[in-house]
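J.: Structure for the following, please:
(chains A and B)
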Amino acid sequence: MLSAFPSRLSSALGALAAVLLVASPLQAQDQLRGDAPDDWLIQDATVLTVTNGTIENGDILVRDGNIAEVGTDLSAPSGVETYDASGEYVMPGIIEAHQHMAISNVNEATNQVTAEVGVGDVLNPYDIGIYRALAGGVTTAHVMHGSANPIGGRNETIKLRYGVTNPDRLKMDDAPRTIKFALGENPTGLYGEGRNQVPGTRMGVEQVIRTALTEAERYMEAKQAHQSGERARPPAHSERLEVLAGVLRGDILVQTHGYRADELLMLMNVFEDFGIQDLVFHHVNEGFKIAPELAAFGDDGAGATVFSDWWSYKFEVYYSTAYNAAILAENGVNASINTDIPGEQRDLYLQAAKTQRYGDLSDTQALELITINPARQLGIDDRVGSIEERKAADLAIFSEHPLSVYTEPQRTYVDGVVRFDHEEDPDDMRLRVDPEGTVDLARDGWSRHAAHSCLKGVAQLRATRNGVTLENADQ
Amino acid sequence: MTASTFRRYGLGLLGLVLLVLPSRLCAQDYEVPTVTDTYALRNARVVQAPGQVLESATVVVRDGVIEAVEENAEVPYDARTIEADSLVVYAGFIDGLSHAGVEMPDTEDDEDVEDPGTPPPDAAGIQPDRSVRPFLSPEESDLRSLRKAGFTLGHVAPEGQMLPGASAHVFYGGETANDMVLETGPTLFAQLQTADGYVYPATDMAVIAKMRQLYREAERRQQLDAAYERNPTGRSQPPQDPQHSALFPVLNGETPLAFYADEALSLHRILALRQELGFPLVLAGLEEGHELVGTLRQADAPLFLTLDLPEEPTRTSGSDTTVADTTGTPSRYYSPDLQTPSHETVAEEEENLELRHAMERQTYLETAATLHEAGLEFGFTSREADPGDIRDNLRTMIDQGLPEQTALAALTTRPAALLGLDNRLGTVEEGKIANLVVTDGPYFGEDASVQHVFVDGQLYDYGADGSDEGEVSGDVSAVLGTWSYTLETPQGDLSGEVTIEGDESGLDGTFVGPQGDEQSLQSVSFDGTTLSFTVNSPQGGSVSVSVTVEGETFDGSASTSGGSFPISGERTSGPDATQR
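T.: Here you go, the predicted structure:
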């Protein structure tokens, strides 16, 4: 398989690299940076299409990074690499609906409304977390602003093209824009308790959101009045209100952090008042209480993306159940499972499998939670989320059924390019190292406190014998 | 007295007066002819421009301008002559971006911002209406060190956060801030730099969003202004504030935003923002420019590469601290395919990672060569570099493949062109501003050192090895000992003592002012008859004394670059005096 990757000498490495090339080809990094092939024939796999059943001894033909054909006994056109997947399982690349990896900033926690900022402006393609996600079959991630503000910044839907270094090349073309809203204890804790500002309560959160959306309505009206000649001058330009106007028009999908049933219902009421149809709730630990209401929201229902079994890290998430995803799914809510915290993005297939233990979901239902359902939540289901012709060749190959605890990811394709290969997985997959920094050893481990989280730069959770506390980082 | 004569005479004199007079007499100006503003560097090797060398030519400098550069150029009668047959003359180096000569006022750290989400412009770091001009000081220490390394002019920006203000083209010399300014406002300085403290913008993404906001609103205001100007009657005045108005020249394409950024990610972000908004751009820093050569090529912006290089990493493994071997031929090579089977074999992994580290560092050392090979023309920026490391770093870049002529061009002709100053600076040619670096060998050679630097025609002397030692020849016993001196000034005579010590290998000494204050002598030279030395005033500026010794007396002048006074003296103790 190694020969499939051209070993390309990066001119930047100069003379030293020339020596190194002789000593030991730079294949691992170069397969990522170089023009790796995106034409493949994957043969004799158990193909889990998610949307069109399972194909035994199935083949997938990939041309120019897209799925050209799915069937059996396909033959490889000339110039197309083949991969023998006999005994292995192919599923659509996993879609992570809520992550904070691969971005340099998480929260602009200085203002209650920061719709104008976007993590898409600060993507970090060097983050090794991207590779770790690939090693768990993830091919697309919705990387998000944090939950410090009632209205946070824009999120970005990225393809895990680990190896590219231009941040723009991570972006998924034509993915709808999305924005982060946040309810409950994070904004009230930060602004109310922390700074004695609005919002100090859940009522205040609602008011901040209503006020901001009302301002955006007025902004749109003023612009409209100017265009129709009723108003001499356009209103003062506002990056913030431009984005919120996009929310009101339905161009920007709202992704809302929230746990408690009452505040989820509150936001649905607010959105009905403003005519906003696109709403996905994140975390939604009490979603099981209001699943029918979520399903009945707007034209298509409100989506819910949840943890498999994680709760009790603060007061508002005590009332929780591992049956949440299954209850939501069985009640017609478009549900997905996410991991949120960088470092946890590696085993979404196991998180999905938990819904079979807690809720008896079928294989397809469980796989939907990490493929087509998050794709629908992000408005990208026309391109990814299932194995269908003309969709992107985002594929995850596993040694066993991906919902088996014995499974091991074997290969991950993004747009037809192999971005992870179990057979070619050296210890050092970093794209660069700090020339003045220290050598980090794998044994040094990963620290949750050092990692990004939903409240990065703002607060952190501390679990002690006496309970769980939320501490502001700036105190 | 006109402003220019004030500059030329008055302030130079002030320096002298500051040195020798009590401070109450300082604040007066005198119209006194200078000793000379004319210099001749005789029979020097003149590198007029990279690759364009006159093996033996005389460079004549008059009133801040290069008057002649040619073989056997006539040395004017009033010139101070420097015998330069063992010296090399280069065009003064140009610094693509720095804060040299800038002394920002201390800001109060704990100033509470009432609403951190919507702070006033200053607290947010939005100060494009500010200029670097009021913050300039010729005594700032980086400016002095950079001058000693050969830098004579820089594109100098105020310090701050996202939009710290307008830059200036600044001479790295002069007696006063006024002397320093060639022109103000060539660019607006910008950085992806958050506000201090928990204040918006507190993240890079908010800085970027705020840049968009300012730019788009400035566009709107400019249009409103234009409409109002066409027909103001019956209309309310358009909104205005200094921050948005300061951006109008950027919108018009007249003034570039000059961004400083070293990290590849920041560079990508700046280029993406520029693509979106379309402002003219100057880009400085580029330490990780090797990561985005293609993108930089498309960007088509003036580039200034940092003169800083990564430090040798110090490794701590367990209790041992080792420095990675990045020099010479490594005995082992990084293996990108290494897979260690268990924690037991971590030593092998560790060694491999250190090799990776060394390899990565190498990439940074080669950045200049990489940019050059990609066809990118760049100047240099000293902003992040320790001035004392600059020549070593340049040598490293050359060792790693940057052609010497390209390095010289990046210090002279290219920054002159990139900054739009090539009609006045960047080469040693008749008519150019007299910014010169004079060395005793090729600048990039190990052994050479800067001997003289001319900034706007003003001479700064540096001795061998960059120290302040003068040249000594002849019988030094003729000057050793203590001399009383008398300085004739329009205020009356002043007197004090000078002590000369040392031997043929070098002289030094002390200068005692009329108030009894002592200063040590710099650059003490003696050739058997002429004794010269420099005294730095504690208030700034320096005085050059040059006298002819005849037996137990001397006679000559004490001058600054601007003013000059007769000085005479008599030996009161010394080898000869003792013998008597």
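J.: alpha carbons only for contacts and neighbour counts from here, please
T.: Fine.
J.: contacting residues for residue B:55?
T.: Taking Cα atoms under 8 Å, 6 or more residues apart in numbering or on different chains, we find residue B:55 in contact with B:44-46.
J.: What of residue B:292?
T.: Counting by Cα under 8 Å, 6+ apart, residue B:292 has contacts A:166, B:264, B:268.
J.: what about the last one, which helix or strand?
T.: Put plainly, it is residue B:268. For residue B:268, the host element (DSSP states H and E) is helix B:264-277.
J.: Check which element follows that helix along the chain.
T.: Past helix B:264-277, the next helix or strand by DSSP H and E is strand B:281-285.
J.: Could you tell me which residues of the stretch 301-450 of chain B lie near chain A?
T.: Residues of the stretch 301-450 of chain B found near chain A, taking Cα under 8 Å from any Cα of the partner chain as the criterion, are B:310-316, B:333-340, B:343, B:349-350, B:353-354, B:356-364, B:366-367, B:370.
J.: follow-up on the earlier one: ranking the contacts of residue B:292 by neighbours, who comes first?
T.: The member of those surrounded by the most neighbours (other Cα atoms under 10 Å in any protein chain shown) is residue B:268, with 24 neighbours in all.
J.: mind putting the contacts of residue B:292 in TSV, pLDDT and distance to residue A:366 included?
T.: Listed next are the contacts of residue B:292 as TSV, based on pLDDT from 0 to 100; distance: Cα to Cα, whole Å:
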residue	pLDDT	distance to residue A:366
A:166	94	35
B:264	97	40
B:268	98	39
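J.: Pick the one among the residues you listed closest to residue B:258.
T.: Of all the contacts of residue B:292, residue B:268 has the smallest distance to residue B:258: 14.8 Å, by Cα to Cα.
J.: just checking, next helix/strand downstream of the helix or strand hosting residue B:46?
T.: Secondary structure assignment for residue B:46, by DSSP H and E: strand B:38-49. As assigned by DSSP H and E, the chain's next helix or strand after strand B:38-49 is strand B:52-62.
J.: about what we covered before: and the angle for the strand holding residue B:46 with strand B:52-62?
T.: Interaxial angle, strand B:38-49 versus strand B:52-62 (axes from the mean of the first three to the mean of the last three Cα atoms, to 10 degrees): 160 degrees.
J.: Can you spell out which helices and strands pack onto strand B:38-49?
T.: Here strand B:38-49 touches strand B:52-62, strand B:80-83, strand B:88-91, going by 3 or more Cα pairs under 8 Å, 6 or more residues apart in numbering or on different chains; DSSP states H and E.
J.: Strand partners (parallel or antiparallel) of it?
T.: Strand B:38-49 pairs in its sheet with strand B:52-62 (antiparallel), strand B:80-83 (parallel), strand B:88-91 (parallel), by DSSP bridges.
J.: Among these, show me which one is buried the most.
T.: strand B:88-91 (a mean of 29; mean count of other Cα atoms under 10 Å in any protein chain shown).
J.: could I have that strand exported to PDB, CA atoms only?
T.: Taking Å, rounded to 0.1, in the frame of the first residue of the first chain, the C-alpha atoms of strand B:88-91 are listed here in PDB:
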ATOM      1  CA  VAL B  88      34.300  49.200   2.600                       C
ATOM      2  CA  VAL B  89      31.400  51.600   2.100                       C
ATOM      3  CA  TYR B  90      27.900  50.300   1.800                       C
ATOM      4  CA  ALA B  91      24.600  52.100   1.500                       C
END
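J.: contacts for it?
T.: Strand B:88-91 is contacted by residues B:44-49, B:412, B:425-428, B:435-442 when judged by Cα under 8 Å, 6+ apart.
J.: give me that answer again for 7 Å
T.: Applying Cα atoms under 7 Å, 6 or more residues apart in numbering or on different chains, the contact partners of strand B:88-91 are B:44-48, B:412, B:426-428, B:435-442.
J.: again with stretch A:80-99
T.: With Cα under 7 Å, 6+ apart as the criterion, stretch A:80-99 contacts A:39-49, A:137-144, A:338-342, A:370-371, A:374-375, A:385-387, A:394-401.
J.: That stretch: end-to-end distance?
T.: Terminal residues of stretch A:80-99 are spaced 34 Å apart (Cα to Cα, to the nearest Å).
J.: so how far is it off the chain centroid?
T.: Centroid separation between stretch A:80-99 and its chain, computed with Cα atoms, centre = their mean, to the nearest Å, is 17 Å.
J.: The nearest residue to residue B:340 once chain neighbours are set aside: which element?
T.: Spatial nearest neighbour of residue B:340, excluding adjacent residues (Cα to Cα, 6 or more residues apart in numbering or on different chains): residue B:349 at 6.6 Å. Residue B:349 is part of helix B:346-365 when elements are defined by DSSP H and E.
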